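Peer 1: What shape does this take:
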Amino acid sequence: MLLFLTLACTADKAEDIDTWTFPDVETAPPLRGPGGPAIEFDSPELFENCAPLIGGEDDILHHNLVVPYRGHLVMPWTPEWGNGGLSFFEMDDPCNPVKVGEGSHNRMRESHAIGFMHLPEEHELAGDYAVTTGILGLQFWDLSVLETPEMVNYLQIEGVFYPDSYTRVVLSVFWQYPYVYAAAADNGIFIIDATDPGNPETVGQYVFEPPMRASAVYAMGDQLFVSAAEGSEAEILDISDPVSPQPIPGGRFTITDESGRALEAYHASLTGNWGFFARKEDGGGVIVFDVSDPQNPVYHADVWSEGGNGGYVYYDEGFAFLGDSHWAKVYDMRDMNNITEVGTGYLDGDLDTITPYGNVAAISVDEDAVDGVATAIMPWTETVDSTGPELLRTVPKDGAVDVPLGIRIGLGFNEMIEPTSIFPGSVRLYDSGGQAIDGWGMAQETIGHYVPKEPLKPGETYRVEVVEGGARDINDNAIVDTFKFEFTTIGSPR
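Peer 2: Model prediction:
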């Protein structure tokens, strides 16, 4: 009888394990807003500002990037010295934007990046969360109530201080749940465990040797791309151990133009295999490096802007968007051997940022705004975006071996992704026996992640499926075909 009971319990446990499956791709968290622009434009309307985006009553007119979240455009509005907020807009009719939610806090600081995480209904902390920069560290926001987003934790980090624009402050963030990577200038990189966004904890720090003033930061699987603020260097770190970044041999590189001349960049972004740098020395423009091999990043392409002075640069479906201080440029980079200028936008002030948003862009100034306008909507192409995202890169790559057991699976798309469209129904991980591996899904800008909840088994071959109809852009266009790849973990099978 005892033997029977033991076998029965064992069978029950096996059955419990085997019954877990991925949710259907159609069960992604629903959009709360209408998504991206749904209006076409005539040629004379292009590169002409058609509407302002106004922050709260305390908006001091220092704006930066905008990002999508659950069908709305999210706009941070805050100067470097604090007192700002987040505003949410319906953008289906982009020249008539409708503000639908807003929150503010006096310790929020100028944000060059925003990370998001949706914790599903079955989670004890279910809700929508964001991380932004704060004057002395980070701020975590609860976005679950759209109309009144609330700052729920102001995490002050030792070593971060202000007044100072570049030396010790947090300049950007990337949330690869549960960890947030904070680029904090001369402090290097801080690692924060934000398993509970209301109670985050600093768990690590990486200081660059030789020194590098960390500015942009992007996680891609077990790699961390970091660029210098107003510097000529960048580095890719190994984050196989997520709380202890390590240098990669050959991962530190100098930003150069085609001639090999070292040049400073103000800021950078990462899309697929490419690092995009906003040139700020001897004119503006964009410099592109191929960073697909973290041990050997190499120059790929560049375009020069006479009289410019680069700020921030983003990429969308073959086009680069550059804030060049005096103007905003859009470049056709579908053929990087023949880069052409599509058009130029203008807005009074220090025009450092242009963020693509479907067939319009948000152009923003972070100083010297005129007539209360620090962000304007500008159509840049005629037709409504109807093309789904394309997967450009995976980390690990297909066929990779000796993959760390704690791998986080990185997915590099060719445009900004709706963050909640990356979840355990749109990205799926299976072991060699076909067993589904539970994990967390998330996305920030063009990068999606699937993070297994438990370490993987050694010496095991795993299959990843990026499911047709899953990953979606801001216009709710979905990836067309299922993409599959495999990798094998380090060690011997047990």
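Peer 1: quick one: average pLDDT of the helix or strand hosting Val464?
Peer 2: According to DSSP states H and E, Val464 maps onto strand 461-466. In this model, strand 461-466 has a mean pLDDT of 98.
Peer 1: Next, the buried residues of it.
Peer 2: 462, 464-466 (16 or more other CB atoms under 10 Å). All C-beta spots, glycine's among them, are computed from the backbone N, C-alpha and C.
Peer 1: try stretch 183-198
Peer 2: 183-194, 196-197.
Peer 1: Quick check: the two most widely separated of these?
Peer 2: Asp186 and Asp196 (29.1 Å; CB to CB).
Peer 1: Turn the buried residues of stretch 183-198 into CSV, columns for pLDDT, distance to Ser364 and secondary structure.
Peer 2: Listed next are the buried residues of stretch 183-198 as CSV, based on pLDDT from 0 to 100; distance: CB to CB, whole Å; DSSP: H, G, I helix; E, B strand; the rest coil:
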residue, pLDDT, distance to Ser364, secondary structure
Ala183, 98, 20, strand
Ala184, 97, 23, coil
Ala185, 96, 22, strand
Asp186, 96, 26, coil
Asn187, 96, 26, coil
Gly188, 98, 28, coil
Ile189, 98, 26, strand
Phe190, 98, 26, strand
Ile191, 98, 29, strand
Ile192, 98, 27, strand
Asp193, 98, 32, strand
Ala194, 98, 27, coil
Asp196, 98, 32, coil
Pro197, 98, 26, coil
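Peer 1: still on that earlier bit, ok, the buried residues of strand 461-466 vs Gly311, which is closest?
Peer 2: Nearest to Gly311 among those, counting by CB to CB, is Val466 at 32.5 Å.
Peer 1: I figured the closest one hits Val427, correct?
Peer 2: Yes. Under the criterion of CB atoms under 8 Å, Val466 makes contact with Val427 at 5.6 Å.
Peer 1: how many neighbours does Glu468 have?
Peer 2: Neighbour count of Glu468, defined by other CB atoms under 10 Å: 15.
Peer 1: Which residue, other than its chain neighbours, is closest to it?
Peer 2: Nearest non-adjacent residue to Glu468, counting by CB to CB, 6 or more residues apart in numbering: Thr482, 4.4 Å away.
Peer 1: which residues does Lys484 contact?
Peer 2: Neighbouring residues of Lys484 by CB atoms under 8 Å, 6 or more residues apart in numbering: 463-466.
Peer 1: Does it lie in a helix or a strand, and which?
Peer 2: strand 483-489.
Peer 1: That strand: partners in the sheet, and parallel or antiparallel?
Peer 2: Strand pairing for strand 483-489, using DSSP bridges, gives strand 400-403 (parallel), strand 461-466 (antiparallel).
Peer 1: so which of those strands gets nearest Thr375?
Peer 2: strand 461-466 (32.9 Å).
Peer 1: Check what contacts the closest one and list those residues.
Peer 2: Identification of contacts with strand 461-466 by CB under 8 Å, 6+ apart yields 391, 394, 409, 411, 426-432, 437, 450, 456, 479, 482-489.
Peer 1: From these, list the buried ones, please.
Peer 2: 391, 394, 409, 411, 426-430, 437, 450, 456, 479, 483, 485, 487-489.
Peer 1: and Thr148, how many neighbours?
Peer 2: 11.
Peer 1: Same check on the one 3 residues further on?
Peer 2: Met151 sits with 20 neighbouring residues when counted by other CB under 10 Å.
Peer 1: Same check on the one 5 residues further on?
Peer 2: Summarising burial for Gln156: neighbours were counted as other CB under 10 Å, giving 13.
Peer 1: same question, Thr27
Peer 2: Neighbour number of Thr27 under other CB under 10 Å is 13.
Peer 1: That one: what's it in contact with?
Peer 2: By CB under 8 Å, 6+ apart, Thr27 lies in contact with Gly425.
Peer 1: pLDDT at it, what is it?
Peer 2: For Thr27, pLDDT reads 95.
Peer 1: What residue spans form the domains of the protein?
Peer 2: Annotated domains of the chain cover 12-31+388-489, 43-379 [automatic domain parsing].
Peer 1: got those as JSON lines, with distance to Pro37 columns?
Peer 2: Below are these laid out as JSON lines (distance: least, CB to CB, whole Å):
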{"stretch": "domain 12-31+388-489", "distance to Pro37": "7"}
{"stretch": "domain 43-379", "distance to Pro37": "4"}
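Peer 1: Tell me which of these sits most buried.
Peer 2: Mean neighbour count (mean count of other CB atoms under 10 Å) peaks for domain 43-379 among these, with a mean of 20.
Peer 1: Need the distance between the two termini of that domain.
Peer 2: The stretch domain 43-379 measures 9 Å between its terminal residues, going by CA to CA, to the nearest Å.
Peer 1: what residues are shared contacts of Val466 and Val427?
Peer 2: Leu411.
Peer 1: Which of the helices or strands spans Gly36?
Peer 2: Using DSSP H and E, no helix or strand contains Gly36.
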